[in-house]
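Colleague: based on what follows, work out the 3D shape:
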Amino acid sequence: MPHLFCFGLGYTAQVFGRMLMENGWRVSGTCQSADKRNELEAMGFDMVLFDGKTRSDEVVARINQASHLLQSIAPGENGDKVLQVLHADIKARASQFNWLGYLSTTAVYGDRQGGWVDETSDTNPGMKRGLWRCRAEEQWLELCRNSGLAVHVFRLAGIYGPKRNQLEKLRQKKARRIIKPGQFFSRIHVQDIARTLKASIDSPKPGAVYNVCDNEAAPPQDVIEFAAKLLGIDPPPEEPFDAAVMSDMARSFYSESKKVSNEKIKTELKVELKYPTYREGMQALAAGA
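Modeller: Reported below is the predicted structural model:
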């Protein structure tokens, strides 16, 4: 039985894990609290605690049993937290793993003033979260080069899906329609991330880097307006970006504008997106899918 071990069994990894379990896989993973462990074990996942700082026999045992690995824990200032603790354990068994997926972000490209990027574009992060991701990517790819570990890097666009989308924000009256001319974001439905990861497992190419996004980068206010129409409500009022009161974190997301190409996952991995734009994704979510 194939066995996927996930460092950080969060939102995306849970969707991917459920997909695999439906196809006969064993899926185990880490989380940081006993309450979360109990919640995830009730879903059928085999869980162990990992704080990202401490090596434990339980974690090493799962690594030693796994055929595939997924790393979704966010990096720190020095790069990847898993490798800081478990580098030797993973390297020692590099030939055991058929595939390792590292979930990164398109923030590694930095700001392109609305221009296009693909996997051949230089990384040029403008914020620390992008810089830290670049460091972590390179650490994993170096391990691939030095040990033969089958590393694959997935640069994810903005993730949405059940319980995490603009429809929910509108229902909770937390949605804002902030207008910044020339602003473009790329997005991806969580189910299409899972489909892309599975396509990579089925056709592994160690050392490969993939952008994971849908076909249409769009201004954020367009998505809010579309979601409001689906709900039959008026969208929130427009707020000029320069005058909008936002947290530093929220404002930082508007500091970068780019359109991300997904041609590589479609041509190399033969991925057919279930939700090729936010419209199909939002319509499915509004219908309860």
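
Colleague: can you map out the strands along this protein?
Modeller: 3-7, 26-31, 46-49, 68-71, 99-105, 116-117, 151-156, 158-160, 177-179, 187-189, 209-212, 238-240, 259-260 (DSSP state E).

Colleague: list of residues touching the first one?
Modeller: Same thing as strand 3-7. Residues outside strand 3-7 that contact it (CB atoms under 8 Å, 6 or more residues apart in numbering): 13, 16-17, 20, 25-30, 50, 62-63, 65-73, 82. Placement of C-beta: from N, CA and C, glycine included.

Colleague: go on, the third one?
Modeller: Here strand 46-49 makes contact (CB under 8 Å, 6+ apart) with 9, 26-34, 36-37, 40-41, 56, 58-59, 62.

Colleague: buried subset of those?
Modeller: Those of the contacts of strand 46-49 that meet the buried threshold are 9, 26-31, 37, 40, 59, 62, by 16 or more other CB atoms under 10 Å.

Colleague: can you tell me which of the residues you listed is closest to Phe226?
Modeller: Nearest to Phe226 among the buried ones among the contacts of strand 46-49: Leu9, at 31.3 Å, using CB to CB.

Colleague: residue contacts, that closest one?
Modeller: 17, 29-31, 40, 45, 47, 72.

Colleague: any idea how far Arg62 is from Pro162?
Modeller: Distance, Pro162 to Arg62, by CB to CB, to the nearest Å: 27 Å.

Colleague: same question, Ile178
Modeller: 43 Å.

Colleague: so where do the helices sit in the stretch 101-250 of the chain?
Modeller: 128-147, 166-171, 190-202, 220-231, 248-253 (DSSP state H, counting those that start in this stretch).

Colleague: follow-up on the earlier one: and the buried ones among the contacts of strand 46-49 as JSON lines, adding distance to Gln113 and pLDDT?
Modeller: Listed next are those as JSON lines, based on distance: CB to CB, whole Å; pLDDT from 0 to 100:
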{"residue": "Leu9", "distance to Gln113": "37", "pLDDT": "97"}
{"residue": "Arg26", "distance to Gln113": "46", "pLDDT": "97"}
{"residue": "Val27", "distance to Gln113": "41", "pLDDT": "98"}
{"residue": "Ser28", "distance to Gln113": "43", "pLDDT": "98"}
{"residue": "Gly29", "distance to Gln113": "38", "pLDDT": "98"}
{"residue": "Thr30", "distance to Gln113": "38", "pLDDT": "98"}
{"residue": "Cys31", "distance to Gln113": "39", "pLDDT": "97"}
{"residue": "Arg37", "distance to Gln113": "44", "pLDDT": "97"}
{"residue": "Leu40", "distance to Gln113": "41", "pLDDT": "98"}
{"residue": "Val59", "distance to Gln113": "43", "pLDDT": "97"}
{"residue": "Arg62", "distance to Gln113": "44", "pLDDT": "96"}
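
Colleague: now render those residues as JSON lines, adding distance to Glu137.
Modeller: Shown next, in JSON lines, are the buried ones among the contacts of strand 46-49 (distance: CB to CB, whole Å):
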{"residue": "Leu9", "distance to Glu137": "21"}
{"residue": "Arg26", "distance to Glu137": "28"}
{"residue": "Val27", "distance to Glu137": "24"}
{"residue": "Ser28", "distance to Glu137": "24"}
{"residue": "Gly29", "distance to Glu137": "21"}
{"residue": "Thr30", "distance to Glu137": "20"}
{"residue": "Cys31", "distance to Glu137": "23"}
{"residue": "Arg37", "distance to Glu137": "28"}
{"residue": "Leu40", "distance to Glu137": "27"}
{"residue": "Val59", "distance to Glu137": "22"}
{"residue": "Arg62", "distance to Glu137": "23"}
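
Colleague: care to break the chain down by domain?
Modeller: Domain segmentation of the chain under automatic domain parsing yields 3-159+188-212, 161-185+215-258+275-286.

Colleague: for the first one, measure first residue to last.
Modeller: For domain 3-159+188-212, the separation between the terminal residues is 23 Å (CA to CA, to the nearest Å).

Colleague: please consider this matter closed, and thank you.
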